[in-house]
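Engineer: Provided below for reference: sequence and predicted model.
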2 protein chains.
Amino acid sequence: MNDALAALAEPRRRQILELVRWQELPAGAIAANFEVTRPAISQHLRVLREAGLVTERRDGTRRLYRARPEGLEGLRDFVESFWAEGLERLKLEAEAEERAVRRAEAATEADSEPEA
Amino acid sequence: MNDALAALAEPRRRQILELVRWQELPAGAIAANFEVTRPAISQHLRVLREAGLVTERRDGTRRLYRARPEGLEGLRDFVESFWAEGLERLKLEAEAEERAVRRAEAATEADSEPEA
DNA sequence: ACAAACCGTAAGTTGACACGAACGTTAGTA
DNA sequence: TACTAACGTTCGTGTCAACTTACGGTTTGT
């Protein structure tokens, strides 16, 4: 999960990941979509591969890359738990707030009723 | 989503986020949990705040911070869609592979049967 | 064996960022 | 008003990563 976060933090690597999301593409074809040099893309592909976000398959002189969704599993679990538990916390606080308001209202009634 | 990824890429910011996940804490108390100086933590808190991952509330001279799970919504959607569609793609490919195997088996039977 | 195609690697440069030291700001207190 | 506490901010420094250029390696075709 840690590696996936660092790999995804780079915008260009997210673009590369989008490219090989549905298609299997050779490194040269991927590099042709950007304005940076081919070695730069090659380095990005290595980071993505070491993070488990892409697979590499050799076909003759070419190397074919493809997105690997399983590499996002750890990050998915992290985000999902943080998201779910965070909303749960907000819900509990909202309920506690509501109870506090009701107590305040009850106290106000108790104060004003003797006067009424 | 973009900002959240860059903010979470830093390990220390993830630790800070864990600290204020359930508690609301002042900057000094957060800094006391680490071996870096308070200004460094203050800068991290600013990054987290600008990324929408924490809320800041002033109480006298102190500033209280707390995790803000809604800030993860964009990143959650990104990861979730990539994850779900990726697994769907793998499933479709597995089915296509199975059909190819069946065709190959049928062709083998058709070749061998005339000899039998 | 030789050349071409495809790709990764090594070294150097540059920009971004985390960090520490010093200073500034706001709020509470005598 | 002085004084202190709790933070934030600015500036200079070191480090890391993305990029380019140049080079080396591997596979395919002749």
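Structural biologist: That came in fine, so what should we check first? Nothing here was measured: the structure is a model prediction, and the numbers come from that model.
Engineer: where does the prediction get shaky in chain A?
Structural biologist: Along chain A, segments meeting pLDDT under 70 span A:105, A:107-116.
Engineer: chain B contacts on that one?
Structural biologist: A:2, A:5-6, A:8-9, A:11, A:17, A:21-22, A:67-70, A:72-73, A:75-76, A:79-80, A:82-83, A:85-87, A:89-90 (Cβ under 8 Å from any Cβ of the partner chain). Every C-beta, even on glycine, is put in place using the N, C-alpha and C of the backbone.
Engineer: mark which of these are buried, thanks.
Structural biologist: By neighbour count, with 16 or more other Cβ atoms under 10 Å in any protein chain shown, those hold A:5-6, A:8-9, A:17, A:67-69, A:72, A:75-76, A:79, A:82-83, A:86 as buried.
Engineer: where helices are concerned, which of the residues you listed count?
Structural biologist: Within those, residues falling in helices by DSSP state H are A:5-6, A:8, A:17, A:75-76, A:79, A:82-83, A:86.
Engineer: just those now: which is nearest DNA strand C?
Structural biologist: Nearest to DNA strand C out of those is residue A:6 (Cβ to the nearest atom of the strand; 11.3 Å).
Engineer: go ahead and confirm residue A:6 touches residue B:9.
Structural biologist: Yes: contact criterion Cβ atoms under 8 Å: residue A:6 and residue B:9 qualify, at 5.3 Å.
Engineer: could you grab the helix/strand/coil label for residue A:57?
Structural biologist: State at residue A:57, reduced to three classes by DSSP: H, G, I helix; E, B strand; the rest coil: strand.
Engineer: specify the beta-bridge partners of it.
Structural biologist: As for beta bridges, residue A:57 partners with residue A:64 under DSSP bridges.
Engineer: that one: neighbour count?
Structural biologist: Residue A:57: 11 surrounding residues under other Cβ atoms under 10 Å in any protein chain shown.
Engineer: check the gap between it and residue A:68 for me.
Structural biologist: To residue A:68, residue A:57 is 11 Å away according to Cβ to Cβ, to the nearest Å.
Engineer: which parts of chain A sit against DNA strand D?
Structural biologist: Taking Cβ under 7 Å from any atom of the strand as the criterion, chain A approaches DNA strand D at residues A:9-10, A:12, A:35-37, A:39-40, A:43-44, A:47, A:58, A:60-61.
Engineer: export the residues you listed as JSON lines, with columns for distance to DNA strand C and secondary structure.
Structural biologist: JSON lines is the format used below for the residues of chain A next to DNA strand D (distance: Cβ to the nearest atom of the strand, whole Å; DSSP: H, G, I helix; E, B strand; the rest coil):
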{"residue": "A:9", "distance to DNA strand C": "9", "secondary structure": "coil"}
{"residue": "A:10", "distance to DNA strand C": "11", "secondary structure": "coil"}
{"residue": "A:12", "distance to DNA strand C": "13", "secondary structure": "helix"}
{"residue": "A:35", "distance to DNA strand C": "16", "secondary structure": "coil"}
{"residue": "A:36", "distance to DNA strand C": "12", "secondary structure": "coil"}
{"residue": "A:37", "distance to DNA strand C": "8", "secondary structure": "coil"}
{"residue": "A:39", "distance to DNA strand C": "3", "secondary structure": "helix"}
{"residue": "A:40", "distance to DNA strand C": "8", "secondary structure": "helix"}
{"residue": "A:43", "distance to DNA strand C": "6", "secondary structure": "helix"}
{"residue": "A:44", "distance to DNA strand C": "9", "secondary structure": "helix"}
{"residue": "A:47", "distance to DNA strand C": "10", "secondary structure": "helix"}
{"residue": "A:58", "distance to DNA strand C": "9", "secondary structure": "strand"}
{"residue": "A:60", "distance to DNA strand C": "8", "secondary structure": "coil"}
{"residue": "A:61", "distance to DNA strand C": "4", "secondary structure": "coil"}
